[in-house]
Structure formats: structure tokens, C-alpha cells
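[1] Sequence plus predicted model, see below.
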Amino acid sequence: MTTIASVIIGIGVGLGLRGLKCETEQYINGCRLTKEDIAYIEFPGAIFINILKLLILPLIVSSIISSLAQLDAQSSGKMGLRALIYYFGTTIIAAIVGIILVLTIQPGKRGGAKEAFKADSKSAEGRTIDTILDLIRNLFPDNIVQAAFQTLGTKLTVNKTIGIDANNATYNRTIYDAKLEKRDGINVLGLLLFCILFGIIISRL
């Protein structure tokens, strides 16, 4: 109840102070809060959020290893496999839904163009394949410490774009160059697999 009450109070105070926000760094037109004042108010909350983020990785690693170590090998193997399948499946579904929405909605494309442009299906399929391959690569990190703060991903850079005229329409074919790069973020899949295997090994000792 205390947490819920704190959230409600915070929302109310934030909405109440919203009208006092200054658009500039000066107190003009009756405003009472500059961006600097808001940064001071935000400071304790940012520290608290950072502390919570700090606890995520140790909590996940210790809880998975300790729970699997207390089970027999067969039960821990089934539980770990289900966890991997669940996370891997939801990640693939999220990637597929995102690509479908991009191809359907086509954000950034304006109507009224003189030429008809068609999305390059082969490049879209390539991005889907790259996403799936990145998930598999992240399952087996080469450095478990680096997996705590970095993931491996494929970066597509445009090599060249060629125009193809067919069926009274203009098609743009974009050629991409794929390159692997390190990205900031926790490699949850790699850490999860490591913790599962480590917990199973401990349970066998």
C-alpha cells in the first residue's frame, strides 16, 4: 500500500508542477521551475532507479543458479529448457511483429509521390534472418563478463541503391553490408544459458 500511495502522490505532484515548468532557463511569465530545478528534483529518483538496475543482474544470476542447484538434473534441465524456449520464442515473435508493422505502416513515407515505391522484400528477409542469427550468437557469449553489459548485433549499412523499372512502377533495390558490432545492454540469453548450465553442473556434484 505504501508503494501504491507513493506512486499516486508522485503522479499528482508531477502533474501539479507541470504548469510551473519554464520553457527557458529564466523565471518569466509566472513559471517557477527551470530545467535545472527539475534536474535537482529528478536526482534522488535517478539514484534510486540506478540502484534497482544494479540489483537486476546479481539477483537473476544468483536466483537461477541456486534454484537449479537444489533440484535434480532432470527437473533442472526441463525448467531451464522451458525458460530458454520461452524467452527465445517471445524475442522472435517481437522481431517478426516489428518487421510486419514496418512493412505495413511504412513510417516516414508520405503520400502523393509521383513514383510508386515498393519495399524490398529480400532486404526485409535479410533483417529477419540477421535478428534470428543474432539471438543464436548471443546464446553463446565468448566473454561472460562482457555479456553482463554488452550484446552482439548485426549492423546493416547501405552500400548502394539501384532503381528498377518494371510494370509501370519504380522499384528501389537497396544493397546492404552486414557487420557485427557490440551494443550496450545485458545479454539476457547468454547469461540465462550460462546460469542454467552452471546450476545443473552444481546439482550433479
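    It's in.
[2] Please read off the pLDDT at residue 167 from the model.
    pLDDT, residue 167: 66.
[3] what residue lies at the spatial centre of this structure?
    residue 185 (7.8 Å; Cα atoms, centre = their mean).
[4] roughly how far apart are that one and residue 42?
    23 Å (Cβ to Cβ, to the nearest Å). Using the backbone N, CA and C atoms, a C-beta is placed for each residue, glycine as well.
[5] just how off-centre is the longest helix along the chain within its chain?
    In the chain, taking DSSP state H as the definition, the longest helix is helix 35-69. Distance of helix 35-69 from the chain centroid (Cα atoms, centre = their mean, to the nearest Å) equals 17 Å.
[6] Can you classify residue 156 as helix, strand or coil?
    Secondary structure, DSSP: H, G, I helix; E, B strand; the rest coil: residue 156 is strand.
[7] Hmm, residue 177 and it touching each other?
    Yes: here residue 156 lies in contact with residue 177, judged by Cβ atoms under 8 Å, at a distance of 7.2 Å.
[8] so what secondary structure elements neighbour the longest helix of the chain?
    Under the contact definition 3 or more Cβ pairs under 8 Å, 6 or more residues apart in numbering; DSSP states H and E, helix 35-69 sits against helix 73-105, helix 188-204.
[9] lowest-confidence helix or strand of the protein?
    helix 121-139 (a mean of 71; mean pLDDT, DSSP states H and E).
[10] check contacts around residue 192.
    Each residue near residue 192 by Cβ atoms under 8 Å, 6 or more residues apart in numbering is listed here: 60, 64, 83-84, 87.
[11] I'd like to know which of these are buried.
    For the contacts of residue 192, a burial check counting by 16 or more other Cβ atoms under 10 Å picks out 64, 83.
[12] And the furthest pair within the contacts of residue 192?
    The largest separation in the contacts of residue 192, counting by Cβ to Cβ, is between 60 and 84 at 13.8 Å.
[13] sorry, back to before: would a markdown table of the contacts of residue 192 with distance to residue 8 and pLDDT be doable?
    Conversion of these to a markdown table gives the following (distance: Cβ to Cβ, whole Å; pLDDT from 0 to 100):
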| residue | distance to residue 8 | pLDDT |
| --- | --- | --- |
| 60 | 29 | 80 |
| 64 | 34 | 79 |
| 83 | 34 | 75 |
| 84 | 38 | 73 |
| 87 | 33 | 75 |
